[in-house]
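just the structure for this:
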Amino acid sequence: MIGTMTEKKIVCFGGTFDPIHLGHTAVAAAAGEKIGADSVIFIPAKHSPLKVFSPEAGDEDRLAMIRLAISGNSAFDMTDYELKKPGPNYTIETVRHFKKLSDGVEIYWLIGADTVEDLQYWYCITELLDECNLSVMFRGGVKPPDFAKYEFLWGSERIEKLQRNTIETPLIDISSTEIRRRLSTGRDVSGMVNPKVLQYIREHGLYGSQSD
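Okay, the predicted model is just below:
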């Protein structure tokens, strides 16, 4: 787990990670490298305020899988901060928590391009845009997100900041939903998740999988 941080640039990567897969770690590594980050922190969410469904795997199982998935990369770290909070957690609260841990730290919060349409509904979105670098990842070969239509909501300076912090990441066609579907029907997912994670999933019978 992370302690008091002294890094100048920290990348925060939130999500349900249900389960964490090779696409997650690949885009996180690429984003961290392009930002020049000192560390990339994986932050599993208990439950998104904008999503109806809760994660299928429990908190401890998701933490264990993340720990296994990132164990080979010294630039990766994780925290259970959001999991320990009662009720829904908002991104702005997590950003402020990390900023309190170290003066002068610059925080980059990663989100996927498919999340852009929902940003206008995020809690305290203007404060979030001001207090961290919201970094939208888009897949290679795809046009960058168009933020212009949100200028009337957030102002030109925030739009320029969003555009400045967009990050092109590798094209990796993997989703947690597909992994869960495959596991529940006994199909192979060996090229989609870290081998240690897959072993954990099978040993604990997660997602309807069977032990070898």
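
which non-adjacent residue is nearest D80?
What sits nearest to D80 in space, not counting adjacent residues and going by CB to CB, 6 or more residues apart in numbering, is L63, at 5.9 Å. C-beta coordinates here come from the backbone N, C-alpha and C atoms, glycine included.

touching, the one you found and Y81? I think so.
No: with contact taken as CB atoms under 8 Å, L63 and Y81 are classed as non-touching, separated by 11.4 Å.

and the helix or strand encompassing L183, which residues are buried?
Secondary structure assignment for L183, by DSSP states H and E: helix 176-184. Applying a neighbour-count criterion of 16 or more other CB atoms under 10 Å, the buried positions in helix 176-184 are S176, I179, R180, L183.

which of those sits closest to S102?
The nearest member of the buried residues of helix 176-184 to S102, counting by CB to CB, is S176 at 31.1 Å.

measure that closest one to R62 for me?
Shown here: S176 relative to R62, a distance of 10 Å by CB to CB, to the nearest Å.

give me the common contacts of those two.
When contacts are counted by CB atoms under 8 Å, 6 or more residues apart in numbering, S176 and R62 are jointly contacted by T16, F17, D18, P19, I20.

now these as TSV including pLDDT, secondary structure and neighbour count?
As requested, those are exported to TSV (pLDDT from 0 to 100; DSSP: H, G, I helix; E, B strand; the rest coil; neighbours: other CB atoms under 10 Å):
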residue	pLDDT	secondary structure	neighbour count
T16	94	coil	19
F17	96	coil	23
D18	96	coil	23
P19	97	coil	29
I20	98	coil	27
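
Serialize these to CSV and add fields for distance to R187.
Output for the shared contacts of S176 and R62, formatted as CSV (distance: CB to CB, whole Å):
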residue, distance to R187
T16, 21
F17, 21
D18, 18
P19, 15
I20, 19
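
which of those lies closest to G58?
Compare each of these with G58 using CB to CB and the shortest gap goes to D18, at 9.9 Å.
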